[in-house]
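[1] With the input below, show me the fold.
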Amino acid sequence: MYANYTYLAIDIGSLIVPLIFSFHPKLLFYKKWPAFGLANIIICALFIVWDMYYTHLGVWGFNPQYLTGIHFGNLPVEEVLFFICIPFSSVFTYHCLKTFYPDRNKIPFKEITLIISILLIGIGILNFTKIYTSASFILLATTLLLLTFVLKVRWIPNFYFTYLIILLPFFIVNGILTGTGLEEPIVWYDDSENLGIRLGTIPIEDIFYGMVMLVLNTAFFEYFDSRQTTSKSFF
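    As a prediction, the model looks like this:
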């Protein structure tokens, strides 16, 4: 019986600490909830459509043993909550690190963006028939290039720093979702649609899929936050 709440427990566990500490007097992240909410509505909608389509194609799927049985279309409600809880926790972490360690301009972020993007586009093109690989890699590369060299946003170094930090909880959460410590994975993948490279139980594509989801949430969060706080600028 309790197994049916496993995915839901992961969602709640990812959210609870950032939610509580949003009221910390040095962070006051609760004041930025409207900016996050607007950002997340947009990105959550995009990723839910993507998720529904790939679930329909059988690129990935969900083990009912670990689900409550409530669905939104062809997605379990826990998967929909994932697109809210994980970005909230990640943007909260981004806000914390930006508050306490604001000067990340020494990071050679343009060079990092260029190297990452060239590698991702190359791998994506060479594996164009593997739709999880090609879509995740090329979309992330395009997004990073647009933000860094076209929009020229100033917060990319902070995002890179944040993403390095959240890779640890990422491996814990995604590890459990993909079967670490469980009899079967909560989320299964068709390895013919990815590179077949796993970090433990985690497909390597998940790192870049997660990164594009979080950088887009951060981008729109920064935009809406700058609209709320006139002393800040998105660019």
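[2] Was I right to think residue 8 contacts residue 68?
    Yes: if you go by Cβ atoms under 8 Å, residue 8 and residue 68 touch, sitting 5.9 Å apart. C-beta here means a position set from N, CA and C on the backbone, and glycine is covered the same way.
[3] Between those two, tell me which one has more neighbours.
    Between residue 8 and residue 68, residue 8 has the larger neighbour count (other Cβ atoms under 10 Å), namely 17 against 14.
[4] what's the closest non-adjacent residue to residue 224?
    Spatially, and ignoring its direct neighbours in sequence, residue 224 is nearest to residue 35 (3.9 Å; Cβ to Cβ, 6 or more residues apart in numbering).
[5] where do the contact lists of residue 8 and residue 68 overlap?
    Common contact partners of residue 8 and residue 68 (Cβ atoms under 8 Å, 6 or more residues apart in numbering): residue 78.
[6] quick one on the thing from earlier: identify all contacting residues around the helix or strand hosting the residue nearest to residue 224.
    Assigned by DSSP states H and E, residue 35 belongs to helix 33-57. Contact with helix 33-57 is made by 22, 60-62, 72-75, 79-80, 83-84, 87-88, 91, 131-132, 193, 213, 216-221, 223-225, 227-228, as judged by Cβ under 8 Å, 6+ apart.
[7] Pull out the buried members of those residues.
    Neighbour-count burial within the contacts of helix 33-57 applies to 22, 60-62, 75, 79-80, 83-84, 87-88, 91, 131-132, 193, 213, 216-221, 223-225; the criterion is 16 or more other Cβ atoms under 10 Å.
[8] So which of the residues you listed belong to helices?
    79-80, 83-84, 87-88, 91, 131-132, 213, 216-221, 223-225 (DSSP state H).
[9] Now do the contacts for residue 158.
    Per Cβ under 8 Å, 6+ apart, neighbours of residue 158: 94, 97, 98, 102, 104.
[10] so how far is residue 144 from the first one?
    The reference is to residue 94. From residue 94 across to residue 144, the span is 16 Å (Cβ to Cβ, to the nearest Å).
[11] what about the closest residue to residue 219 other than its chain neighbours, distance to residue 71?
    Leaving aside its chain neighbours, residue 219 sits nearest to residue 147 (6.2 Å; criterion: Cβ to Cβ, 6+ apart). Taking Cβ to Cβ as the measure, residue 147 falls 34 Å from residue 71.
[12] more crowded one of those two?
    residue 147 (21 against 15).
[13] hang on, the earlier thing: quick check: the residue nearest to residue 219 is in a helix.
    Yes: inclusion of residue 147 in a helix is indicated when DSSP: H, G, I helix; E, B strand; the rest coil is applied.
[14] Quick check, it in contact with residue 160.
    No: counting by Cβ under 8 Å, residue 147 stays clear of residue 160, with 11.2 Å between them.
[15] low-confidence ranges in this structure?
    Along the chain, segments meeting pLDDT under 70 span 1-2, 104-105, 230-235.
[16] rerun that using 90 as the cut-off
    1-3, 100-107, 227-235 (pLDDT under 90).
[17] need the strands for it, in chain order.
    Taking DSSP state E to define them, one finds strands in the chain at 60-62, 71-72, 75-76, 187-189, 198-199, 202-203.
[18] TSV for those, including distance to residue 43?
    Compiled in TSV, those are given as follows (distance: least, Cβ to Cβ, whole Å):
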stretch	distance to residue 43
strand 60-62	19
strand 71-72	16
strand 75-76	16
strand 187-189	19
strand 198-199	24
strand 202-203	21
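[19] Which of those strands sits closest to residue 115?
    strand 198-199 (20.1 Å; Cβ to Cβ).
[20] Quick check: neighbours of the closest one in the sheet, parallel or antiparallel?
    Partners of strand 198-199 in the sheet, by DSSP bridges, are strand 202-203 (antiparallel).
[21] Done for today, thanks.
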